[in-house]
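Engineer: need the 3D shape of this:
(2 chains)
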Amino acid sequence: MGRYRLHVNGRRRVVEVPGDTPLLWALRDELGLTGARYGCGVGACGACVSLIDGAAERPCVRTVAESEHARITTIEGLSARGDHPVQRAWLELDVAQCGYCQPGQIMAVVALLAGTPDPDDAQVDAALRDNVCRCGTYTRIRAAVRRAAELARDAR
Amino acid sequence: MNAPRAITRRALLGAAGALVVAVPVVAATGPAAATATGDGPDAEGAVLAPTVFVRVDRRGRVVATVPRPDTGQGVRTMAAVLVAEELAVEVTDVVLEQAPGDTAAFGSQAVANSTSSRLLSGPLRTASATARCLLVAAAAARWGVPAAECAARRGRVEHPRHGSLPYRALVRAAAALDPGTVPVTLTPPERWRLIGRTGAGRADAHDIVTGRARFGAESAPAGGLVAVVARPPWIGALVDAVDDAGALAVPGVVAVVRLAPPGAGQGGVAIVAHSTAAALRGREALRVTWVAGSPAADSRAWLADLEAALPPVAGGTDVRRVYRLPLLAHAPMEPMNATAHVTGSGVTVWAPVQDPGGLRTQLARELALPDTRVRVNPTLAGGGFGRRIESDAVLEALACSRAVGQPVTVRWTREDDTRHDSYRPMSVHRLGATLGPDGVPVRRVHQVVTWPLTVVPPFGNPAVVLASGDHFPYAVPGEVSVTLRPAPLRTGFWRAVYAGQFGYAEECFLSEIAARGGHDQVDLRRRLLPADSRLRRVLDAAAERAGWSRGAGPGRGRGVACHLDYGSAIAVLVTADPAARRVLRVTAAVDVGVPVHPSGVIAQVEGGVLDAVSTVLRAQITVRDGAVVQSSFRDYAWARIGDCPDIEVVLVPSEAPIGGLGELAYPPAAAAVAAALAEGGEPVTGMPYGVAVG
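Structural biologist: Numbering: from 1, shown residues only, chains lettered A, B, ... in the order given. Predicted coordinates:
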């Protein structure tokens, strides 16, 4: 058991867990940040994707000890009112069916647009290759990424 | 549109000063009745039972109780649209409350057989229209004018001379009226603002995109414990001995609980802990010895067994083809989970379930408790696809909570979920046809060998399997036979149930017959469908939108299939690049009667198409050495965004009543995808296309 300082959604938080605890379970069970969903625990589905130092990472395959000095952003920390351009695009295009994978999809797209503000479909497909949606919302995700890019451009 | 039946005064429950309208739901008496049911309370052959509730509270808020859970199929959104339409408010004004399990109050609450729209739309509209008419009557009485001069609009009742009053000012007077004296009229289709027209998004969408939506594990009461289960390493294995010393030594582990099937689910040993991570560590440290079961089971041998049971080839058939279909897992995005709290006074369950009412009845019976002491709170479900009809995860949570006296959430890992499912059965289909001189089939023979659904006992009857699977809509007489072999592992409802297998084989075969006879796939089907039929209309609409008559283009394969079920009709046209094994474009035309929430209707078709792409390209479950080989989306290779074709969905106008949809698109989409990949190449002989099955 150790004491680990995490920097999550702009706040310093302390968790007391073994250092090899997957970050996902520290976020969910210790810090109550349940927007990062558990889908597989092996980095294969993307339901928990969150930003770690700005990059789309999978907290289920990363330990708490490895995450101590990183800046972590979960879906809860993306915007105060749910009005980030990617979230707005998701609402406009009515993307979600069950909605379980969507926080991970959204966070992966936030990371994509940060480095590639105007991605083409091939870049979207590559960035989201390991974000599974079991309901089949992919056509709307593609459209929503285009829309989010527009909204982000307008906001600049 | 018929006037709804009169509401008795008993239907009004003036709780806390609110106007409450409760309207009976038709409880289907069986699959046939469900299929025949149109618009609710007046359907013939159905029994009147429980209710849906619509309430206008003292603050004027419109609150609807949604009897069935939302698994992503959109029943909550549908309810909001219908209630908003009839109560003259916006979709987003409707507050949705999810009904707890209570069949006495709500009838069947099962998300199954694509019945939610068909059974709930009539009562939801009637209840809401009743509330509106009572509010209008109350305003008319206040002003001393005829009700016909008043109208409800934007949450108020208006009159040309008297101005308007908000609902909140009328609730008390409306609740005091005798509803038997107030005529109730539904809003006629030509005056619909929202039904079939609204651009509103899914209910709960804001919570979904902010991470606030509460699925199963997010709905557990604070301070509860978490459990994971050591599950049988091979099919049917039973716990022989447990050494729990290592597990109990893991910090955070509270208890180790043996789960005896079937009362405590599928069986295994649960590790109960203060956190998920501790429970998982405990499971690693647990030592279990297993006995019995089928450690040598192999899905290739199962397939051979099914094939060996095929009846003799039917005489007189000119063309024949055998199709082999694999096991499929449900793999909902949210793995199975359930939370339970057993106390001295009863039990409470929080879980993403597809049938909260049936679950409550089952638990009351098995625990010998009165219904009133069993509370089932359905949460949002991260997909269901048939899997969450079952109670196994809930039974595990109950056993754990009983053992430790606290609320316990049982979490299944993805590996648990993939390897301990109730799978879609394997099946073998021999199709045969007698062709006329023009190459058009004049007789068909379909011989099916498959397994029953072990978790749904009525599906042990071949006649029930036949009724589920055989929806052949074309004018070709023939025979269909079903032979059931004992199921070697758990099998259950999987989106579209047996229609997914039967329809796939039938439509793939029809496309092969078309190619063999030099017929266009669309033309052949048009010849076999009555000119004024719903299927012919959707087929024509899809062909026109897809530009079918322009031809496939070089290097392209095309496929077509239709499906008529759940009171709805669909045609699916697919263009693929066979050499690259890629599906490029899908055009679907659908007649669902009234598409209450158009975006949701299109979404369900898109979902069925992606299931088709997934299962026809590569996803299948196989068994070796007694165990399911696949363990996550890494090897149960569901479609990724790069596999997704362009999908266009045409909503075909229709006079038909509201039809079902959740399962409609999968069977024809799968067949059309396979036919497109096969055009010009090897014929379809199974699923996935061109891959060894089993």
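Engineer: confidence score at residue A:108?
Structural biologist: pLDDT for residue A:108: 98.
Engineer: identify the residues contacting it.
Structural biologist: Residue A:108 is in contact with A:46, A:49, A:56, A:127, A:128, A:131, counting by CB atoms under 8 Å, 6 or more residues apart in numbering or on different chains. (Glycine included, C-beta is placed from N, CA and C.)
Engineer: just say helix, strand or coil for the last one.
Structural biologist: Each residue gets one of three states, and residue A:131 gets coil by DSSP: H, G, I helix; E, B strand; the rest coil.
Engineer: skipping its backbone neighbours, what lies nearest it in space?
Structural biologist: Excluding its sequence neighbours, the residue lying closest to residue A:131 (CB to CB, 6 or more residues apart in numbering or on different chains) is residue A:46, at 3.4 Å.
Engineer: picking up where we left off before, which members of the contacts of residue A:108 are positioned in helices?
Structural biologist: If you go by DSSP state H, those have residue A:127 in helices.
Engineer: tell me the one among the contacts of residue A:108 nearest to chain B.
Structural biologist: residue A:128 (4.7 Å; CB to the nearest CB).
Engineer: once you drop chain neighbours, what's closest to that closest one?
Structural biologist: Per CB to CB, 6+ apart, closest to residue A:128 is residue B:641, 4.7 Å.
Engineer: ok, that neighbour touching residue A:124?
Structural biologist: Yes - using CB atoms under 8 Å, residue B:641 is in contact with residue A:124, at 7.0 Å.
Engineer: need the overlap of contacts for those two.
Structural biologist: In contact with both residue B:641 and residue A:124: A:141, A:142, using CB under 8 Å, 6+ apart.
Engineer: what's the longest helix in chain B?
Structural biologist: helix B:116-143.
Engineer: next secondary structure element downstream of that helix?
Structural biologist: Under the assignment DSSP states H and E, the closest C-terminal helix or strand after helix B:116-143 is strand B:151-153.
Engineer: that next one: partners in the sheet, and parallel or antiparallel?
Structural biologist: Paired strands of strand B:151-153, with direction, are strand B:156-159 (antiparallel) (DSSP bridges).
Engineer: contacts for the partner strand?
Structural biologist: The contact list for strand B:156-159, computed with CB under 8 Å, 6+ apart, reads B:135-136, B:138-140, B:143, B:145, B:149-152, B:164-167, B:170.
Engineer: separate out the buried members of the residues you listed.
Structural biologist: Neighbour-count burial (16 or more other CB atoms under 10 Å in any protein chain shown) is assigned, among the contacts of strand B:156-159, to B:135-136, B:138-140, B:143, B:150-152, B:164-165, B:167, B:170.
Engineer: for these, work out which two are farthest apart.
Structural biologist: Spatially, the most separated pair among these is B:143 and B:167, at 15.2 Å (CB to CB).
Engineer: related to what we said a few turns ago, turn the contacts of residue A:108 into a markdown table, including neighbour count and pLDDT.
Structural biologist: Formatted as a markdown table, these follow (neighbours: other CB atoms under 10 Å in any protein chain shown; pLDDT from 0 to 100):
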| residue | neighbour count | pLDDT |
| --- | --- | --- |
| A:46 | 27 | 98 |
| A:49 | 32 | 98 |
| A:56 | 21 | 98 |
| A:127 | 20 | 97 |
| A:128 | 25 | 98 |
| A:131 | 26 | 98 |
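Engineer: contacts only, for the nearest residue to residue B:566 once chain neighbours are set aside.
Structural biologist: Using CB to CB, 6+ apart and skipping residues adjacent in sequence, the residue nearest residue B:566 is residue B:660, 3.0 Å away. Contact partners of residue B:660, counting by CB under 8 Å, 6+ apart, are B:113, B:114, B:115, B:116, B:117, B:118, B:565, B:566, B:567, B:568, B:592.
Engineer: pLDDT of the helix or strand encompassing residue B:429, averaged?
Structural biologist: Element membership for residue B:429, per DSSP H and E: strand B:427-435. Taken as a whole, strand B:427-435 carries a mean pLDDT of 98.
Engineer: in its sheet, what does it sit against?
Structural biologist: As assigned by DSSP bridges, strand B:427-435 forms pairs with strand B:319-325 (antiparallel), strand B:441-450 (antiparallel).
Engineer: got the CA coordinates for it in PDB?
Structural biologist: Once non-C-alpha atoms are left out, strand B:427-435 reads as follows in PDB (Å, rounded to 0.1, in the frame of the first residue of the first chain):
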ATOM      1  CA  SER B 427     -26.800 -23.900 -36.700                       C
ATOM      2  CA  VAL B 428     -26.600 -25.800 -39.900                       C
ATOM      3  CA  HIS B 429     -29.000 -25.000 -42.700                       C
ATOM      4  CA  ARG B 430     -29.500 -27.000 -45.900                       C
ATOM      5  CA  LEU B 431     -31.400 -25.000 -48.400                       C
ATOM      6  CA  GLY B 432     -32.900 -26.500 -51.500                       C
ATOM      7  CA  ALA B 433     -35.000 -25.100 -54.300                       C
ATOM      8  CA  THR B 434     -36.900 -26.300 -57.400                       C
ATOM      9  CA  LEU B 435     -36.500 -23.900 -60.200                       C
END
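Engineer: contacts for that strand?
Structural biologist: For strand B:427-435, contacts defined as CB under 8 Å, 6+ apart pick out B:303, B:306-307, B:309-310, B:313-314, B:316-325, B:441-451, B:476, B:478, B:501-502, B:505-506, B:509, B:513, B:517.
Engineer: show the buried residues in these.
Structural biologist: Buried by 16+ other CB under 10 Å: B:303, B:306, B:310, B:314, B:317, B:319, B:321, B:323-325, B:441, B:443-451, B:476, B:478, B:501-502, B:505-506, B:509, B:513, out of the contacts of strand B:427-435.
Engineer: ok, the residue in the stretch 1-150 of chain B that chain A sits nearest to - contacts?
Structural biologist: Using CB to the nearest CB, the closest approach of the stretch 1-150 of chain B to chain A is made by residue B:72 at 2.9 Å. Counting by CB under 8 Å, 6+ apart, residue B:72 touches A:96, A:97, A:98, A:99, A:100, A:135, B:381, B:382, B:383, B:384, B:607.
Engineer: now for the residues you listed: which two are most distant?
Structural biologist: A:96 and B:384 (15.0 Å).
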